[in-house]
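Novice: fold the following and give me the result.
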Amino acid sequence: MTAIRIAIVGIGNCASSLVQGLEHYREGANDMVGLMHWEVGGYKPSDIKVVAAWDVDRRKVGSDVAEAIFAKPNCTAVFAATIPATGTVVKMGAVLDGVAEHMADYKDDRTFIVANDAQPTKADVVAELKASGADVLMNYLPVGSQKATEFYAECALEAGVAFVNNIPVFIASNPEWAKRFEDAGVPIIGDDIKAQLGATIVHRVLTDLFAKRGVKLDRTYQLNTGGNTDFLNMSNHRRLESKKISKTEAVQSVTAERLDDDNVHIGPSDYVPWQNDNKVCFLRMEGQLFGGVPMNLELRLSVEDSPNSAGVAIDMIRCAKIARDRGLKGVVDPASAYFCKHPRTQMTDDLAHEAVEEFIRAA
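Specialist: Below is the predicted model of the structure:
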């Protein structure tokens, strides 16, 4: 198989974990522990190459991707400390709404230091995508980057590059955008990546279990704390709106009966600097068993946030590439349903798993 050439927007913690993972699994490390699939449609992790990248932080712009992934404010776990130079230099990206105003209130190295370089036009990004031969564009912008995400989605459409939308700005799940990708003959997977074993997938599986075992779910909450730039960004609740919608709908979609708004609360709650990239989820579910007898469940989940999404991202990239190879147009529903919190078509995770496995086999 030929290489999968990817472009990345946002060289933050998630991009760092992804690039580290590509090197970590290149020689079959740890017998592939942590990967959902060693091979997808004939493509292995080692087939993925970073050929273009954009960021807005002056500590990253102008550096090789292999160096930029370890620059501040990145703080994720380092599990592949030696990354060979990729030959791909991080270019200045379009800022637009990609940097929250409140970030300027923090003077330490946990926030962005926006570079003074000239920002690219759409034509500049499209030209770079075409010149690099990119197959897939990965969107890793901060939550709340509506205008910036739309800017890069437009670039992917014009360049004919498959788009993987890892954040809760609704593109694949927006009918107008979905039609534009279909009309352009460009595959898209999204929206809002669902971690390998994160708060949302655990909450969904337990909610589905309640429904299948006849337990009435009365109310539930999911509270999340973390100390990375993502949590700092989301401490501005105006930027959090789409994230709450995405996470809440992911759970509501598998309930036996939708909960009233007052009985469900799901979303990031607090920025705790010393947690760095560790995310802690506090989950509570209250319900009724046989005879209306009450029960409750409480769970605490602690994970490194960015590596938790990187294995999923590797599969999304490969699914996007085989969709492109097969000439598929628009939203790749099986991959979106299995890998994302807010897909165009919601499914329970067991059905989504069957659908994506069938999609992979068909490739």
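Novice: ok, the spatially closest residue to Ala313 that is not a sequence neighbour - contacts?
Specialist: Among residues not flanking Ala313 along the chain, Leu18 sits closest, at 5.2 Å (CB to CB, 6 or more residues apart in numbering). Quick note: C-beta positions are derived from backbone N, CA and C, even for glycine. Contact partners of Leu18, counting by CB atoms under 8 Å, 6 or more residues apart in numbering, are 8, 138, 310, 313-314.
Novice: from Lys44, how far out is the nearest residue in space to Ala256 that is not next to it in sequence?
Specialist: The shortest distance from Ala256 to any non-neighbouring residue, by CB to CB, 6+ apart, is to Ala211 (3.8 Å). Distance from Ala211 to Lys44, counting by CB to CB, to the nearest Å: 37 Å.
Novice: neighbour count for these two, which is higher?
Specialist: Ranked by neighbour count (other CB atoms under 10 Å), Ala211 and Lys44 place Lys44 first, with 19 against 16.
Novice: as a quick check, tell me the outermost residue of the chain.
Specialist: Distance to the chain centre peaks in the chain at Gly291, reaching 41.4 Å (criterion: CA atoms, centre = their mean).
Novice: would you say that residue is within a helix?
Specialist: Yes. Judged by DSSP: H, G, I helix; E, B strand; the rest coil, Gly291 forms part of a helix.
Novice: residue boundaries of the helices in the stretch 101-250 of the chain?
Specialist: Taking DSSP state H, counting those that start in this stretch as the test, the helices found in the stretch 101-250 of the chain are 122-132, 146-159, 175-184, 199-212, 229-234, 241-252.
Novice: mind listing the helices for the stretch 251-363 of the chain?
Specialist: Along the stretch 251-363 of the chain, counting by DSSP H, counting those that start in this stretch, helices occupy 307-325, 333-339, 349-362.
Novice: could I get those helices as JSON lines with mean pLDDT?
Specialist: Converted to JSON lines, those look like this (pLDDT from 0 to 100):
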{"stretch": "helix 307-325", "mean pLDDT": "97"}
{"stretch": "helix 333-339", "mean pLDDT": "98"}
{"stretch": "helix 349-362", "mean pLDDT": "96"}
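Novice: ok so, going back, need the pLDDT of the residue farthest from the centre of the chain.
Specialist: Reading off the confidence values, Gly291 has pLDDT 98.
Novice: how close does it get to Val215?
Specialist: From Gly291 over to Val215 the distance is 12 Å, taken as CB to CB.
Novice: which residues do the two both contact?
Specialist: Common contact partners of Gly291 and Val215 (CB under 8 Å, 6+ apart): none.
Novice: return the most buried member of the helices of the stretch 101-250 of the chain.
Specialist: Neighbour counts (mean count of other CB atoms under 10 Å) averaged over each of the helices of the stretch 101-250 of the chain peak at helix 229-234, with a mean of 24.
Novice: what lies in contact with it?
Specialist: Residues from elsewhere that reach helix 229-234, judged by CB under 8 Å, 6+ apart: 12-13, 73-75, 100, 103, 106, 110-112, 142-144, 225, 239-240, 243, 268, 270-272, 275, 279, 305.
Novice: any of those residues buried? List them.
Specialist: Neighbour-count burial (16 or more other CB atoms under 10 Å) applied to those gives 12-13, 73-75, 100, 103, 106, 110-112, 142-144, 225, 239-240, 243, 268, 271, 275, 279, 305.
Novice: those residues in strands, which ones?
Specialist: Under the assignment DSSP state E, the buried ones among the contacts of helix 229-234 contribute 225, 268, 271, 279 to strands.
Novice: show me the beta-bridge partners of the second one.
Specialist: Looking back up the chat, that one is Pro268. Pro268 forms beta bridges with Asn224, as assigned by DSSP bridges.
Novice: against Pro168, how distant is it?
Specialist: From Pro268 over to Pro168 the distance is 11 Å, taken as CB to CB.
Novice: can you pull the residues that touch both of those two?
Specialist: Counting by CB under 8 Å, 6+ apart, the shared contacts of Pro268 and Pro168 are Lys243.
Novice: Thr121: how many residues sit nearby?
Specialist: Close neighbours of Thr121, defined as other CB under 10 Å, add up to 12.
Novice: look at it and report its pLDDT.
Specialist: Looking at Thr121, its pLDDT reads 98.
Novice: quick one: it and Gly93, what's the gap?
Specialist: Going from Thr121 to Gly93 by CB to CB gives 12 Å.
Novice: how about Glu67?
Specialist: From Glu67 to Gly93 the distance is 17 Å (CB to CB).
Novice: the two: which is more packed in?
Specialist: A direct count of neighbours by other CB under 10 Å for Glu67 and Gly93 places Gly93 higher, at 26 against 17.
Novice: mind listing what the more buried one touches?
Specialist: Residues near Gly93 by CB under 8 Å, 6+ apart: 9-10, 54-56, 119-120, 148.
Novice: secondary structure element for the nearest residue in space to it that is not next to it in sequence?
Specialist: Distances taken as CB to CB, 6+ apart put Trp54 closest to Gly93, at 3.5 Å, once the chain neighbours are dropped. Assessed by DSSP states H and E, Trp54 sits inside strand 48-55.
Novice: which elements pack onto that strand?
Specialist: strand 4-9, helix 13-24, helix 65-68, strand 91-92, helix 122-132, helix 307-325 (3 or more CB pairs under 8 Å, 6 or more residues apart in numbering; DSSP states H and E).
Novice: list only buried entries from the contacts of Gly93.
Specialist: Applying 16+ other CB under 10 Å to the contacts of Gly93 flags 9-10, 54-56, 120, 148 as buried.
Novice: and the furthest pair within those?
Specialist: Longest distance between any two of the buried ones among the contacts of Gly93 is 14.0 Å, between Gly10 and Pro120; criterion CB to CB.
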